[in-house]
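Chemist: Sequence first, then the predicted structure:
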Amino acid sequence: MTIKQYQKLSTRIINQLDKKYKLNRNEQLTLSQLLEELGELATEINLKNLRHKKAKKKDLEQEFADVFILLGQLAHSFNIDLEKAISDKIKTLQKNIKSPK
């Protein structure tokens, strides 16, 4: 699946869940949930420093997925094609590497 396909699928699923739970989704709610998920990802990553425990790969995968899904949802709410945005940004970064300062 492409990033664009994941973005469309996850947006459709989130919209179905919102309907099921009677949520009125807007950019602020999605941003808040994204920040919450980033916090959960940070907690998993920091387990070694905070609890002297190694993060479980499956838990990390779940948190990365949550962040990706909500980022896609937020991008969708602003009519942003995340795949194109990433591609364009990578091209810009590559040009910066190649061009002298």
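Modeler: Noted; the coordinates are in hand.
Chemist: So residue 14 sits against residue 71, correct?
Modeler: No - in this structure residue 14 lies outside contact range of residue 71 using Cβ atoms under 8 Å: 11.8 Å. Bear in mind the C-beta positions are built from the backbone N, C-alpha and C, glycine included.
Chemist: Tell me the helix or strand right after the helix or strand encompassing residue 42.
Modeler: Using DSSP states H and E, residue 42 sits in helix 27-45. Using DSSP H and E, the helix or strand that directly follows helix 27-45 along the chain is helix 47-51.
Chemist: Could you list the alpha-carbon positions for the next helix-or-strand element following that following helix in PDB?
Modeler: Downstream of helix 47-51, the first helix or strand assigned by DSSP H and E is helix 57-77. Extracted C-alpha coordinates of helix 57-77, given in PDB (Å, rounded to 0.1, in the frame of the first residue of the first chain):
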ATOM      1  CA  LYS A  57       9.000  -3.800  19.600                       C
ATOM      2  CA  LYS A  58       5.200  -4.500  19.300                       C
ATOM      3  CA  ASP A  59       4.400  -1.600  21.600                       C
ATOM      4  CA  LEU A  60       6.700   0.700  19.600                       C
ATOM      5  CA  GLU A  61       5.100  -0.400  16.400                       C
ATOM      6  CA  GLN A  62       1.600   0.300  17.800                       C
ATOM      7  CA  GLU A  63       2.600   3.800  18.900                       C
ATOM      8  CA  PHE A  64       4.400   4.600  15.600                       C
ATOM      9  CA  ALA A  65       1.300   3.500  13.800                       C
ATOM     10  CA  ASP A  66      -1.000   5.600  15.900                       C
ATOM     11  CA  VAL A  67       1.100   8.700  15.200                       C
ATOM     12  CA  PHE A  68       1.200   8.000  11.500                       C
ATOM     13  CA  ILE A  69      -2.600   7.400  11.300                       C
ATOM     14  CA  LEU A  70      -3.400  10.600  13.200                       C
ATOM     15  CA  LEU A  71      -0.900  12.600  11.200                       C
ATOM     16  CA  GLY A  72      -2.600  11.400   8.000                       C
ATOM     17  CA  GLN A  73      -6.000  12.300   9.400                       C
ATOM     18  CA  LEU A  74      -4.800  15.800  10.400                       C
ATOM     19  CA  ALA A  75      -3.200  16.200   6.900                       C
ATOM     20  CA  HIS A  76      -6.500  15.100   5.300                       C
ATOM     21  CA  SER A  77      -8.400  17.700   7.300                       C
END
